[in-house]
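Student: Sequence and predicted model, in that order:
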Amino acid sequence: MNRRTRLTLLTPVVVGSLALGSTAFAQAPSAPAAVPAATCSLSGVLPDGTVNVSGGGFLPGPAYLESSTGIGAGFSMSPDGTFTIAKQKKDATYSVKQGSTVTRCSGGGTTTNPTGTTLKAGIVAGWDAVRANCAATAPASANQQFSQGWNKGAAVAREAFC
């Protein structure tokens with residue numbers, strides 16, 4: 001077969017396949033709409049001293065509620081992507097984990113004494129003090145949470161720096 005005959009026979013086949021391919025591509029289903037941003041929040045403090053954790057915009061299916069107190073619980077998100085979990089500790093921060101996505105809940109916080117000193121502040125203070133001086137000792141404090149935090153932070157810093 002000579003070159004001219006080959007081009008005459010193959011040209012309509014190539015053009016037809018390109019036309020069909022682009023038509024099929026144009027009719028392909030569009031990408032699914034983006035999932036709305038998930039949100040999570042805590043209710044006001046209830047009369048029994050607890051809060052409700054609720055949210056929306058999640059994917060249906062398994063999820064995990066994480067707490068700053070170290071307590072967590074698995075649950076199943078409703079088909080419409082919302083949830084409500086009742087009677088949680090008011091003095092904690094919460095987040096919802098679904099797969100590799102973590103959504104932090106707004107509201108809540110850590111327990112504080114009247115002057116605002118927290119367990120977290122104690123940990124940071126203990127860490128900083130021992131990092132600067134391995135012989136540092138805990139300051140006198142009437143706040144038990146601060147003292148516990150200071151000792152924890154100092155112990156970790158001693159392992160790392162001393």
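Tutor: That came through, no problem. The structure displayed is predicted, hence computed values, not measured ones.
Student: Could you list the low-pLDDT ranges of this structure?
Tutor: 1-36, 108-118, 140-143 (pLDDT under 70).
Student: For it, which segments count as strands?
Tutor: 39-42, 50-56, 61-67, 73-77, 83-89, 94-98, 101-104 (DSSP state E).
Student: Show me what counts as buried in the fifth one.
Tutor: Put plainly, it is strand 83-89. Under the neighbour-count criterion of 16 or more other CB atoms under 10 Å, strand 83-89 has 83, 88 buried. Yep, even glycine has a C-beta here, placed from its N, CA and C like the rest.
Student: Would you mind measuring from the nearest residue to residue 75 once chain neighbours are set aside to residue 72?
Tutor: Excluding the flanking residues, the one nearest residue 75 by CB to CB, 6 or more residues apart in numbering is residue 63, at 5.8 Å. Per CB to CB, to the nearest Å, residue 63 is found 11 Å from residue 72.
Student: before we move on, what about residue 99?
Tutor: Going from residue 99 to residue 72 by CB to CB gives 15 Å.
Student: rewinding a little: so which of residue 63 and residue 72 has more stuff around it?
Tutor: residue 63 (22 against 12; other CB atoms under 10 Å).
Student: mind listing what that one touches?
Tutor: Taking CB atoms under 8 Å, 6 or more residues apart in numbering as the contact definition, residue 63 lies against 74-77, 83, 96-98.
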